[in-house]
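A.B. asks: What follows is a predicted structure for the sequence shown.
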Amino acid sequence: MPFLSRYFTWLKKNAPEGQVEVYPTVLNDFSTNIPGIFIIGDLTGIPLLKFASHSGAKIWDFIPETKNELLDAVIIGAGPSGVSSALEAEKLEKKIVLLEAGKAFQTVHSYPKGKPIFAEPKDFKVGSSLPIFDGTKESLLDHLNSVLRSHSIPLLEGERVNSVIRNSVGFTVGTESGKKFHTNRVIIAMGKSGDPRRLGIQGEDLPHVSYRLIDPKDYSHKKVVIAGGGDSAVEAAISVSEFAESVTLVTRGKELTRPKQENIKKLESLSEKGKIQVLKESNLREIGESNVICATSFGAKKIPADDVLLLLGTTPPIPFLKKLGIRIQSSKSIRDWIGLISVFFFAMTAYFGKASFYGSGWFSPLASASAGVFLISSVLWLFFWTKSNGIRFPKGWQLFRNIYLIFASFYFLFVYFSATYGGYLLFEKYPSFHYTFLYSMTILVFGLRRITVKQTQYIKLQTFSLIFVQWFFLFLLPEIILPFLGKAGYLGAKDGFLLTQVFPGEAYWKAYGFILAWPLSMGVLYDGGITNFWLIYGLAFSFGVIPFLVYHYGKGAYCGWICSCGGLAETLGDEQREKMPHGKWAYRLEHSGQWILLVASIITLLKLIGVYGKSIIPNLINAEYVADSVKWIYDLVVDIGLAGVVGVGFYFFFSGRIWCRMFCPLAGLMHIYARFSKFRIFSEKKKCISCNICTKVCHQGIDVMSYANIGRPMDSVQCVRCSACVSSCPTQVLSFGKQNIFDQSFDKVSATL
């Protein structure tokens with residue numbers, strides 16, 4: 001349907017849809033899921049020599065002193081991070097050994113001759129004995145090797161590690177040559193230069209196809225085709241063009257977003273001079289003996305090629321890391337799937353359980369059965385966890401977090417089962433009261449943790465706002481303050497304004513409507529007994545206040561500072577934000593809320609017509625009947641199913657924003673508003689290092705890095721202004737701001753403060 005296609009294209013604003021590069025799961029202290037094994041350097045996700053060297057020295061701040069006959073650490077990999085770590089160990093008089101499968105600084109050796117080295121970021125000071133400077137491959141190697149020769153580091157070259165076995169105390173690290181090293185800790189500094197990425201096409205194994213450039217002079221007077229869209233491919237095209245007869249660069253994207261600005265300028269200059277032909281939105285389909293077949297936006301094209309360079313990057317040593325048992329981002333184990341089942345069925349217990357006292361008679365049996373599945377799957381999860389990790393207790397925050405979540409789960413199970421089957425109401429309150437209390441308490445506990453871990457002024461203010469709004473408007477006001485004031489007579493007479501217009505019939509739950517706008521809370525406008533107050537307030541809030549906020553501050557002014565769903569996502573879901581999927585199916589689903597918004601709009605409109613129109617035209621009562629016949633299905637599928645069970649049940653599997661991104665009808669409405677918003681996230685393209693961290697931490701699935709790579713202000717309607725990308729950027733590339741949509745001028749405002 002052309003109209004729908006154009007509408008969704010308009011809504012998406014041509015947003016990029018890049019993938020997230022897969023890395024091992026590494027915490028801020030460089031630790032992995034295996035206690036005692038740490039990862040530093042490129043495998044942490046920041047592809048910069050300066051950061052690699054810095055991480056090598058910093059790692060020792062997180063390794064506790066252990067006094068025994070074992071080595072303090074075995075360092076695997078003698079690149080900048082590994083050597084830096086060894087140098088710091090020498091300072092601290094640690095017992096270590098440094099193992100390298102090839103030779104020291106192997107990755108730098110593999111750079112093309114004369115490759116320029118940019119010591120970025122310029123203002124970052126490396127806290128290591130291995131500083132990094134601008135130069136070329138050759139000058140960098142001379143510098144690195146001179147530092148290495150000036151120290152007595154126990155370096156063993158040509159020793160490829162093939163096993164790391166955990167013992168009762170420490171580890172045994174084995175190499176292919178048969179050597180074994182007993183150590184307390186293992187530091188993996190291998191970098192991500194594993195096997196080259198392949199296209200999987202015919203001819204890519206032919207003799208004239210290479211996966212790295214060694215010497216540009218090797219291609220003198222030849223026709224060369226280069227595939228790739230990163231710095232390596234662009235730099236190769238630039239250097240080879242000086243000697244080759246012709247150079248064709250084939251890249252999949254509409255624009256080159258990942259290369260450094262200096263490289264793009266050189267490429268554009270050489271392209272204008274006819275030295276390099278750049279084919280964008282193109283893919284190699286076949287490689288022959290003397291030509292390649294390339295699929296372009298204009299059709300298939302045959303290009304003469306004496307040599308072909310496939311510079312598509314390399315794959316991290318994921319198989320080796322998996323062999324060691326290190327958790328990989330986005331990978332799912334049996335334990336993860338069982339965990340999903342466990343949390344999902346607890347969410348079913350909670351949402352159907354709290355609704356069972358007000359809803360259908362089959363809600364209670366469904367909630368009880370779900371509780372049984374939750375308990376069984378939890379036991380299975382614990383079994384697989386102890387099988388892979390042994391019997392050990394987490395420490396610090398992880399211990400507290402686990403105790404809290406277990407307590408909250410069994411607290412709700414107790415109040416539900418005691419009320420349903422024992423007739424006992426804890427504190428004389430139904431399970432819905434206790435659910436709201438636990439919801440608010442969870443936001444408080446995990447919100448305070450977020451403030452402690454991410455100490456920016458923006459996050460502090462945002463999190464305090466979320467905590468206050470949830471506690472006051474969703475719990476204290478409707479559950480405690482208003483009932484108390486009502487009993488004491490402070491809300492006025494029963495026929496007064498408050499008890500007839502605002503809380504008719506002592507319906508104190510309507511206080512939710514002060515912050516939960518339509519259609520997130522359908523009850524604001526969808527109510528057979530709707531009062532003039534709620535009609536005016538609901539319309540003004542949903543179609544007046546929220547559009548104003550979104551226009552000036554973006555959708556996140558509501559989603560990130562007020563909304564209850566956002567409150568739980570930014571607190572409980574903060575540790576899970578990197579789990580948001582970025583695949584094709586996710587991008588296709590991310591505007592499903594538009595369809596839910598359409599249904600919500602139709603049934604609400606029918607309801608209002610029925611309520612206000614039946615006094616004039618009696619037959620209009622049929623409109624209300626039609627709306628009510630659909631509303632119960634809407635409540636079951638959307639309010640309980642998607643917002644509750646799916647939204648909370650997928651927290652530890654697909655991040656805390658799966659409901660917000662995919663299905664929320666209020667978000668769908670705000671996407672329309674955001675299409676005209678002045679809010680942007682700006683980037684300093686020159687400083688972007690394409691580390692992908694900004695995209696990885698976005699729990700709305702936005703490909704922030706692609707925006708930053710091309711210097712385009714990030715204007716995705718999905719943004720919830722959480723500031724994760726801004727505060728996580730290692731080179732401080734990103735900042736909040738406003739753009740005048742008429743003259744394209746803008747005003748930047750830092751979100752890190």
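C.D. replies: Ah, there it is. Numbers count the residues shown, from 1 in each chain.

A.B. asks: which ones are touching residue 213?
C.D. replies: Taking C-beta atoms under 8 Å, 6 or more residues apart in numbering as the criterion, residue 213 is in contact with 112, 232, 236, 239, 240, 309, 311. Bear in mind the C-beta positions are built from the backbone N, C-alpha and C, glycine included.

A.B. asks: Would you agree it falls within a strand?
C.D. replies: No: when the secondary structure is assigned by DSSP: H, G, I helix; E, B strand; the rest coil, residue 213 falls in coil instead of a strand.

A.B. asks: Could you measure from it over to residue 689?
C.D. replies: As judged by C-beta to C-beta, to the nearest Å, residue 213 and residue 689 stand 21 Å apart.

A.B. asks: Low-confidence ranges, the stretch 101-250 of the chain, go.
C.D. replies: Within the stretch 101-250 of the chain, the stretches falling below the threshold (pLDDT under 70) are 193-195.

A.B. asks: try it again with 80
C.D. replies: 110-116, 118-125, 192-196 (pLDDT under 80).

A.B. asks: which residues sit in contact with residue 440?
C.D. replies: Contacts here follow C-beta under 8 Å, 6+ apart; on that basis residue 440 touches 470, 471, 474, 475.

A.B. asks: ok, back up a step: among the contacts of residue 213, which lie within strands?
C.D. replies: Assignment to strands by DSSP state E places the following of those there: residue 309.

A.B. asks: Pull out the buried residues from the contacts of residue 213.
C.D. replies: Applying 16 or more other C-beta atoms under 10 Å to the contacts of residue 213, the neighbour count classes 112, 232, 236, 239, 240, 309, 311 as buried.

A.B. asks: what does the domain assignment say about the protein?
C.D. replies: What automatic domain parsing lists as the domains of the chain is 37-188, 209-310.

A.B. asks: nearest to residue 569, of those?
C.D. replies: domain 37-188 (22.5 Å; C-beta to C-beta).

A.B. asks: Span of that closest one from start to end?
C.D. replies: Terminal residues of domain 37-188 lie 7 Å apart, using C-alpha to C-alpha, to the nearest Å.

A.B. asks: same thing with stretch 568-584?
C.D. replies: Across stretch 568-584, the straight-line distance between its terminal residues is 26 Å, by C-alpha to C-alpha.

A.B. asks: tell me the average confidence for that stretch?
C.D. replies: Averaged across stretch 568-584, the pLDDT comes to 88.

A.B. asks: what about residue 293, which SS state?
C.D. replies: strand.

A.B. asks: Enumerate the beta-bridge partners assigned to it.
C.D. replies: residue 286, residue 302 (DSSP bridges).

A.B. asks: Spell out which residues sit in contact with it, please.
C.D. replies: 284, 285, 286, 287, 300, 301, 302.

A.B. asks: so how far is residue 312 from the fourth one?
C.D. replies: Here the criterion is C-beta to C-beta. By it, residue 287 lies 13 Å from residue 312.

A.B. asks: Among these two, which residue is more densely surrounded?
C.D. replies: The neighbour comparison of residue 287 against residue 312 (other C-beta atoms under 10 Å) goes to residue 287, with 23 against 19.

A.B. asks: What ranges does the stretch 601-750 of the chain have for its strands?
C.D. replies: Taking DSSP state E, counting those that start in this stretch to define them, one finds strands in the stretch 601-750 of the chain at 679-683, 734-739, 746-749.

A.B. asks: Adding mean neighbour count as columns, could you present those in TSV?
C.D. replies: Shown next, in TSV, are the strands of the stretch 601-750 of the chain (neighbours: other C-beta atoms under 10 Å):
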stretch	mean neighbour count
strand 679-683	24
strand 734-739	20
strand 746-749	13
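
A.B. asks: Nearest to residue 543, out of those?
C.D. replies: Closest of the strands of the stretch 601-750 of the chain to residue 543 is strand 679-683, at 18.9 Å (criterion: C-beta to C-beta).

A.B. asks: Could you pull up the mean pLDDT of that closest one?
C.D. replies: Averaged across strand 679-683, the pLDDT comes to 92.

A.B. asks: quick revisit: ok, so of the contacts of residue 213, who is nearest residue 443?
C.D. replies: residue 232 (45.4 Å).

A.B. asks: show me the contacts for that closest one.
C.D. replies: Contact partners of residue 232, counting by C-beta under 8 Å, 6+ apart, are 213, 311, 313.

A.B. asks: how about stretch 346-365: buried residues?
C.D. replies: By 16+ other C-beta under 10 Å, the buried positions in stretch 346-365 come out as 346-356, 363-364.

A.B. asks: Name the nearest of the residues you listed relative to residue 640.
C.D. replies: For those, the nearest to residue 640 is residue 351 (5.0 Å; C-beta to C-beta).

A.B. asks: Just confirm that closest one is within a strand.
C.D. replies: No: the assignment for residue 351 (three-state DSSP) gives helix, which keeps it out of a strand.

A.B. asks: I'd assumed residue 642 was in contact with it.
C.D. replies: No: between residue 351 and residue 642 there is no contact under C-beta atoms under 8 Å: 10.6 Å.

A.B. asks: what's around residue 124, how many residues?
C.D. replies: Residue 124 sits with 16 neighbouring residues when counted by other C-beta under 10 Å.

A.B. asks: Spatially nearest residue to it (excluding sequence neighbours)?
C.D. replies: residue 50 (5.5 Å; C-beta to C-beta, 6 or more residues apart in numbering).

A.B. asks: so what pLDDT did that neighbour get?
C.D. replies: On the pLDDT scale, residue 50 is placed at 85.

A.B. asks: tell me the phi and psi of it?
C.D. replies: When quoted as degrees, to the nearest 10, the phi and psi of residue 50 stand at phi -60, psi -50.

A.B. asks: and it, how many neighbours?
C.D. replies: Count around residue 50 with other C-beta under 10 Å applied: 25.

A.B. asks: isn't it right up against residue 120?
C.D. replies: Yes: using C-beta under 8 Å, residue 50 makes contact with residue 120 at a distance of 6.8 Å.

A.B. asks: of all the strands of the stretch 601-750 of the chain, which lies closest to residue 254?
C.D. replies: Taking C-beta to C-beta, strand 679-683 is the member of the strands of the stretch 601-750 of the chain nearest to residue 254, at 17.9 Å.

A.B. asks: what packs against that closest one?
C.D. replies: Contact analysis of strand 679-683 by 3 or more C-beta pairs under 8 Å, 6 or more residues apart in numbering; DSSP states H and E lists helix 546-553, helix 704-710, strand 734-739, strand 746-749 as its packing neighbours.

A.B. asks: at 10 Å what do you get?
C.D. replies: helix 546-553, helix 704-710, helix 724-728, strand 734-739, strand 746-749 (3 or more C-beta pairs under 10 Å, 6 or more residues apart in numbering; DSSP states H and E).

A.B. asks: Please, where are all the strands along the stretch 101-250 of the chain?
C.D. replies: Taking DSSP E, counting those that start in this stretch as the criterion, the stretch 101-250 of the chain carries its strands at 116-117, 135-136, 155-157, 161-166, 171-175, 180-183, 186-188, 209-210, 223-227, 246-250.

A.B. asks: and residue 387, how many neighbours does it have?
C.D. replies: The local packing of residue 387 (other C-beta under 10 Å) involves 10 other residues.

A.B. asks: Within the helices and strands, which one has it?
C.D. replies: Assigned by DSSP states H and E, residue 387 falls within helix 363-389.

A.B. asks: Now do the helix or strand following that helix: distance to the chain's middle.
C.D. replies: Moving toward the C-terminus from helix 363-389, the next helix or strand (DSSP H and E) is helix 396-421. For helix 396-421, the distance between its averaged C-alpha position and the chain's averaged C-alpha position is 27 Å (C-alpha atoms, centre = their mean, to the nearest Å).
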